[in-house]
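# A predicted structure for the sequence below; I have some questions about it.
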Amino acid sequence: MKKKIKFHFFIIFVFFSCSIDSYYSLEKSELESGIRNDSLFLGIKFGMTSSDFYSHCWDLNKRKLVTQGPSNNSVRYLMPTKSIGQNIEMLFYPVFNKDTVYEVNSTYSYTAWAPWNDGTDSEYLIKEVKSILSGWYNTDFIPVKNPKSEDFLYVTVDGNRRITLTEVSDREVRARFTDLTIEKNIKK
């Protein structure tokens, strides 16, 4: 029995080590490629000034593509994808560095989420959001052990653009879009 436990622990340890190592080598090779991918979604891009971002969102609102999010702290986009008969709501807002967008945080939830509605929790939602974003960006996500919990997060890097997916509650999934070139400069 102890041999089985040690073996399983070893396999788990190797998997975690490999997933973290494969992420870092992916990030390194993508940054070294020099490829820039600034386009995110709905015409929003890395490098937009705050006034460009607000103006663009105002235009999207006038065209009834987005609305204001809860407490007017985010932009609300009702995704055209209908899954399990439910709509997916995306709330997003950028992080600015020197008045330009370098990161966009977004959360997703099913509009009909309730603790008693089977299949509407984040366990199902993360699979769906991962599939949707894989299609949007023609990429695959790799699982990486979340350093802040026992869960996994999913990451993809394409040039300077990193997308990280994680479950944040029973209801919500977060996607963080980050310009790695700016993030690396900020952390120096």
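Sure, I can see it.

# going forward, measure contacts between C-alpha atoms and count neighbours the same way
Will do.

# what bits of this structure have low per-residue confidence?
Scanning the chain for pLDDT under 70 picks out the ranges 1-20, 82-85.

# at 80 what do you get?
Applying pLDDT under 80 to the chain flags residues 1-22, 81-86, 146-151, 187-188.

# which stretches of it form strands?
Along the chain, counting by DSSP state E, strands occupy 39-41, 44-45, 67-68, 75-83, 86-97, 100-110, 142-145, 152-158, 161-167, 173-179.

# In TSV: the ones you listed, plus mean neighbour count and distance to Glu30.
Output for the strands of the chain, formatted as TSV (neighbours: other Cα atoms under 10 Å; distance: least, Cα to Cα, whole Å):
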stretch	mean neighbour count	distance to Glu30
strand 39-41	13	16
strand 44-45	19	19
strand 67-68	18	35
strand 75-83	15	29
strand 86-97	19	22
strand 100-110	22	17
strand 142-145	18	14
strand 152-158	21	6
strand 161-167	22	9
strand 173-179	23	12
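
# Same list (the ones you listed) but as TSV, adding distance to Leu125.
Formatted as TSV, these follow (distance: least, Cα to Cα, whole Å):
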stretch	distance to Leu125
strand 39-41	19
strand 44-45	23
strand 67-68	22
strand 75-83	9
strand 86-97	9
strand 100-110	7
strand 142-145	16
strand 152-158	13
strand 161-167	9
strand 173-179	7
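
# what's the closest of those to Lys28?
Nearest of the strands of the chain to Lys28, taken as Cα to Cα: strand 152-158 at 9.5 Å.

# what inclination does that closest one have with respect to strand 173-179?
In terms of direction (axes from the mean of the first three to the mean of the last three Cα atoms, to 10 degrees), strand 152-158 departs from strand 173-179 by 30 degrees.
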